[in-house]
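Participant: Pasting the sequence and the predicted coordinates here, then a few questions.
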Amino acid sequence: MGSLERSKKKLQLWKKAAVHFALCFVMGFFTGFAPTGKAPGLSSRSVISSNNSSAETLHSPPQQHSSRNLISQQQQQQQQQPQPQPQPQPQPRSSSGIQDPSSPDLKTEEEVEEVVTGTADLGSKLKLTPRRLIIIITPTNARDPHQGVHLRRLANTLRLVPPPLLWVVVEPSAGKKKELSEMLRSTGTMYRHLEYRENFTAAEAELEHQRNLALKHLERHRLSGIVHFAGIHSVYDLDFFDHLRETE
């Protein structure tokens, strides 16, 4: 009797356990499909937040894109516009207009050499070549009645010649030296008035003596220049004296 009761109790325990297990399984199975009470609120919030974020994404990007487009357009315009070239700084120059070789802006030896050579070239160009002295020797003839007119014409020509010019006029002491001296002073040119006392019957001999007297005067006073014998009847063009200075 005791063993039957024990077996019945065990069967009842197993039945209760199986019923509880089946109930728990069924409840868990259905509760897995049924939404909980908090799920709708969370889902609505997630939907609202997602809608807000989508709205922000729909409205905010156009502003960002427009600003980016404006910036990109400005950058393109700046790139297309020619860049202003830097203005070169004025270099220190000397009074002659040549850049100073000691300037700190000249950093390379080539630049310094170019400036130095440019200064030398300009100095050679600016170096004025002095004009050579022209010495005009004019013998006179006291027997010529128109000697004064011819001498004045020659004096007017020599007055227009650029200096330096020396006019040496040789005259016999018996001539009209006072009249000739006044005429020479009125010309404004540098002159020497030479006289001699010798008497000559031949015109050629007297002419030769006057020339030699003038040359001795130049040698005595060490006057160096281009010597030209001009008669009182000679007529000159001013270009002749320029070509005369160019002769060696």
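Facilitator: Great, that's in hand.
Participant: on contacts alone, who are the packing partners of the helix or strand hosting residue 192?
Facilitator: With secondary structure defined by DSSP states H and E, residue 192 is part of strand 190-196. For strand 190-196, the helices and strands in contact under the criterion 3 or more CB pairs under 8 Å, 6 or more residues apart in numbering; DSSP states H and E are strand 165-172, helix 177-187, helix 203-220. To be clear about C-beta, it is placed using only N, CA and C from the backbone, and glycine gets the same treatment.
Participant: So which residues of this structure form strands?
Facilitator: According to DSSP state E, the chain carries its strands in the segments 134-139, 165-172, 190-196, 226-229.
Participant: of all the ones you listed, which lies closest to residue 203?
Facilitator: Among those, strand 134-139 comes nearest to residue 203, with 9.9 Å by CB to CB.
Participant: list the buried ones in that closest one?
Facilitator: Buried residues in strand 134-139, counted by 16 or more other CB atoms under 10 Å: 134, 135, 136, 137, 138, 139.
Participant: Am I right that the third one is in contact with residue 158?
Facilitator: Yes. Between residue 136 and residue 158 there is a contact under CB atoms under 8 Å: 6.4 Å.
Participant: Common neighbours of the two, please.
Facilitator: Shared contacts of residue 136 and residue 158, defined by CB atoms under 8 Å, 6 or more residues apart in numbering, are found at 165, 167.
Participant: how close does residue 244 get to residue 146?
Facilitator: Using CB to CB, to the nearest Å, one obtains 26 Å as the distance from residue 244 to residue 146.
Participant: Who has more neighbours out of the two?
Facilitator: More crowded of residue 244 and residue 146, by other CB atoms under 10 Å: residue 244, with 15 against 9.
Participant: who are the neighbours in contact with the more buried one?
Facilitator: For residue 244, the contacting residues are 134, 226, 228, by CB under 8 Å, 6+ apart.
Participant: Could you dump these into CSV and include distance to residue 190 and pLDDT?
Facilitator: Below are the contacts of residue 244 laid out as CSV (distance: CB to CB, whole Å; pLDDT from 0 to 100):
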residue, distance to residue 190, pLDDT
134, 11, 96
226, 15, 94
228, 15, 96
